[in-house]
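**Q** Predicted structure and sequence below. I'll ask about it afterward.
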Amino acid sequence: MHNLQPKHTTLNEKEAQKLLEELNISKSQLPKIFSSDIMLAEGCQVGDVIKIERKAGDKVNIYYRVVV
């Protein structure tokens, strides 16, 4: 991974379910990321929830996407 690219992590089912409950949404309401995206780890499946950590100065912004 290039040092300027944000870190992509696949959440396990328990973490994904907890996130969806906290946000009170379903997977279909999350923003999408294509399974062909080169930043995704090997073995990512359609329906997986991905955590993306982007650094902005000293702060880390966290985003979530569902693989389609």
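**A** Everything's here; your move.

**Q** Might you report the residue contacts of residue 53?
**A** Contact analysis of residue 53 by Cβ atoms under 8 Å, 6 or more residues apart in numbering lists 6-7, 9, 60-62. C-beta: built from backbone N, CA, C; applies to glycine.

**Q** Apply 7 Å and report the result again.
**A** 6-7, 60, 62 (Cβ atoms under 7 Å, 6 or more residues apart in numbering).

**Q** What's the per-residue pLDDT of the most centrally placed residue in the chain here?
**A** Using Cα atoms, centre = their mean, the residue of the chain that lies closest to the mean C-alpha position is residue 50, 2.0 Å off. Model confidence at residue 50, expressed as pLDDT, equals 94.

**Q** Am I right that it is in contact with residue 65?
**A** Yes: at 4.8 Å, residue 50 counts as touching residue 65 under the criterion of Cβ atoms under 7 Å.

**Q** Need the overlap of contacts for the two.
**A** In contact with both residue 50 and residue 65: residue 33, using Cβ under 7 Å, 6+ apart.

**Q** Tell me where the model's unsure across this structure.
**A** Within the chain, the stretches falling below the threshold (pLDDT under 70) are 1-4.

**Q** so where do the helices sit in this structure?
**A** If you assign secondary structure with DSSP state H, the helices in the chain sit at 13-23.

**Q** who wins for most neighbours among the contacts of residue 53?
**A** Highest neighbour count within those, by other Cβ atoms under 10 Å: residue 6, with 16 neighbours.

**Q** Not counting sequence-adjacent ones, nearest residue to that residue?
**A** residue 54 (4.3 Å; Cβ to Cβ, 6 or more residues apart in numbering).

**Q** With residue 10 instead?
**A** Counting by Cβ to Cβ, 6+ apart, the residue nearest residue 10 is residue 48, at 5.3 Å.
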